[in-house]
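> Would you be able to build a 3D model of this:
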Amino acid sequence: MPTASRPSFALVLALVGSLASTAAAQRGEFSDSAHGFSIQPPKDWAALPATGGDRGALVALWCSPKAAEPRAGGRPHAPALRVLHFAKRGAGDDAVDGLARRTPFRDFDDYLRRGHGTAARVVVRESVELDGGGSALRFEADVPRPDGARKLFGLRVDRGDAGELVVEIEVLEEQAAKERKEMLRTLASFALREPSGTAPAPEDAPWLRDAAAWRGRDGAAQRAELQRWAEARVAAVRAAPEPGWTELASDRWLVLSHGDARTARRAVQAADAIRDWAEKHLPGLGGAGTAPAVLRIYSDAHELRAVQRGEVDPREFDPDTRTLHFAPDPDAGTGAGYGGLFRAVVWQWIDDQVPGAMRASPRWLELGMWEYLRSTKLKGRGIEFFPSDVERGRLDYQMRNNSMPALWHLVQESIQPEPDDGAPEDDWGYTPECALLMRWLFDHDGCAAFGVNDLPSAYLRGIGTALAKVGPNPTADVDWALLDVADTKTARTRFYAWRKALREAVNYGVIPLDEATWRKANERWVAFAKESS
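Next up is the predicted model:
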């Protein structure tokens with residue numbers, strides 16, 4: 001229920017200082033003519049890309065340049081400002097095959113429940129007048145989280161048939177009292193304008209627009225459609241310059257940087273170096289180069305976390321938006337800290353040539369590549385690959401205990417099978433060994449041991465073939481936060497069955513199956529591990 005009338009907000013604003021006119025002189029104003037609003041973000045807050053965020057509802061995004069660690073522990077969190085638009089739609093059904101799906105939000109109430117969690121609660125509501133005319137419902141909400149409770153300050157604006165416009169500022173609960181005045185001042189700067197009409201939304205990825213039609217295309221047709229869509233997507237980003245982002249020269253990507261020039265140029269060198277590596281070590285995937293993409297270099301990891309907030313499976317390369325994300329690690333040293341960028345480039349290389357292969361890779365391959373690419377160092381314009389301390393320590397343990405996992409147990413993942421009752425699975429426990437396996441395949445004679453010259457490429461091509469037969473991940477768009485215990489088990493069971501069927505289809509179709517080949521390869525694998533220890 002409303003706790004105050006319109007004049008109360010004006011009284012609060014009088015206490016926190018001068019409002020729209022003064023703020024406009026101190027901070028740059030952001031205007032969106034399509035949705036009909038303007039707002040002045042807090043001074044020095046970074047403007048971040050909003051395309052595709054919050055299930056398509058995100059219109060604009062900023063975050064503070066400073067992040068704080070929650071008292072509850074976890075990663076640092078920076079206050080963030082979002083403007084969202086929820087198009088009007090009917091009640092509909094958010095369930096498919098008995099499971100809740102990640103459909104677009106209907107309104108703020110639906111967004112609060114499904115975007116912030118069912119425990120989120122609005123604790124303050126009041127009707128307020130907006131600068132320049134019109135009214136809104138101001139709100140404050142508490143969002144309990146295990147990694148630090150959040151406090152939301154915001155406005156809700158009913159635009160009739162056009163839906164609902166929402167301004168939301170998210171801060172850590174322990175920072176709320178300190179940040180309150182600044183947050184209210186920002187809300188007071190929000191003003192309605194005459195909308196010019198619905199902004200042309202970027203075209204969705206072809207596998208999102210019509211999943212059945214996408215699956216029905218062969219590999220060549222998929223790559224052709226990917227190329228067309230990617231060119232349009234990247235051209236749209238280039239045609240709409242974003243405040244605070246600097247474009248860097250690159251023949252391979254549209255590079256946009258939020259960081260300092262020297263760091264950004266070095267990151268582009270690292271991206272070029274790993275792309276050269278991918279072209280050499282992952283040849284013959286079936287494609288002809290890669291489709292256009294945007295490489296974004298953030299100034300800090302908390303900016304990237306703000307962009308990826310709410311994503312179920314955030315990755316360094318997002319094929320749905322054609323974006324490679326990279327945030328430098330200031331503590332990693334001069335040549336280190338590029339693992340995330342290396343993964344982004346390699347994932348793009350793989351997925352552009354075998355669409356869908358990135359998200360469908362088995363644990364041994366994805367996590368082995370993850371660690372193999374993490375423990376690297378940029379040296380000049382090249383890359384040094386070397387085992388991490390974690391990998392060395394695990395290898396030493398396996399050698400001392402004569403317990404190095406057999407190749408088949410790793411590749412078939414029988415060493416850590418999926419739970420058979422829909423229970424949560426443990427994190428994959430053999431990442432160091434799988435990183436060593438990548439090292440053997442890419443840098444030594446691992447492929448020759450199987451008699452397959454390009455085994456990693458052949459395996460990735462096999463994933464593409466298997467996907468066409470097994471089908472896509474049946475839980476890719478499941479809204480896990482809304483599932484009860486029984487439905488969660490059902491969803492996990494479906495996912496485990498899909499992953500196992502896909503893995504077995506590739507293993508039995510790509511890798512030689514005769515026992516003699518596997519025994520000889522395993523002997524060479526164990527010998528390589530001993531030499532590496």
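> Walk me through the domains of this structure.
With automatic domain parsing as the criterion, the domains of the chain are listed as 6-192, 202-353, 356-533.
> and the shortest one, how far apart are its ends?
I take that to be domain 202-353. The stretch domain 202-353 measures 23 Å between its terminal residues, going by C-alpha to C-alpha, to the nearest Å.
> Please apply the same query to the last one.
End-to-end distance for domain 356-533, by C-alpha to C-alpha: 36 Å.
> Kindly list the main-chain dihedrals of residue 267?
Per-residue torsions, residue 267: phi -70, psi -40 (degrees, to the nearest 10).
> repeat for residue 87
phi -70, psi 150.
> residues in contact with residue 464?
With contact set as C-beta atoms under 8 Å, 6 or more residues apart in numbering, residue 464 has these partners: 219, 286, 354-357. The way it works is simple: take the backbone N, C-alpha and C, and place the C-beta from them, glycine included.
> mind checking how far it is from residue 285?
Between residue 464 and residue 285 the computed distance is 8 Å (C-beta to C-beta, to the nearest Å).
> anything in contact with each of the two?
With the criterion set as C-beta under 8 Å, 6+ apart, the overlap between the contacts of residue 464 and residue 285 is residue 354.
> For residue 487, which non-adjacent residue is spatially closest?
Nearest-residue entry for residue 487: residue 99, 5.9 Å, with adjacent residues in sequence omitted and distances by C-beta to C-beta, 6 or more residues apart in numbering.
> One more: residue 258?
Nearest residue to residue 258, sequence neighbours excluded (C-beta to C-beta, 6+ apart): residue 299, at 4.6 Å.
> if we can go back for a sec, got CSV for the domains of the chain, with mean pLDDT too?
Below are the domains of the chain laid out as CSV (pLDDT from 0 to 100):
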stretch, mean pLDDT
domain 6-192, 85
domain 202-353, 89
domain 356-533, 93
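> Enumerate residues external to stretch 275-289 that contact any of its residues.
Outside stretch 275-289, the residues touching it (C-beta under 8 Å, 6+ apart) are 219, 223, 252, 345-346, 349-350, 352-354, 383, 442, 454, 456-457, 460-461, 464.
> Generate a PyMOL selection restricted to the buried subset of those.
Command for PyMOL, covering only those of these found buried under the criterion 16 or more other C-beta atoms under 10 Å:
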select buried, resi 219+223+252+345+346+349+350+352+353+354+383+442+454+456+457+460+461+464
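> taking the contacts of stretch 275-289 one by one, which sit in helices?
Secondary structure from DSSP state H places 219, 223, 345-346, 349-350, 352-353, 442, 456-457, 460-461, 464 of the contacts of stretch 275-289 in helices.
> could you dump those residues to a markdown table with distance to residue 121?
Converted to a markdown table, the ones in helices among the contacts of stretch 275-289 look like this (distance: C-beta to C-beta, whole Å):
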| residue | distance to residue 121 |
| --- | --- |
| 219 | 49 |
| 223 | 48 |
| 345 | 43 |
| 346 | 43 |
| 349 | 45 |
| 350 | 43 |
| 352 | 44 |
| 353 | 47 |
| 442 | 51 |
| 456 | 49 |
| 457 | 52 |
| 460 | 46 |
| 461 | 50 |
| 464 | 46 |
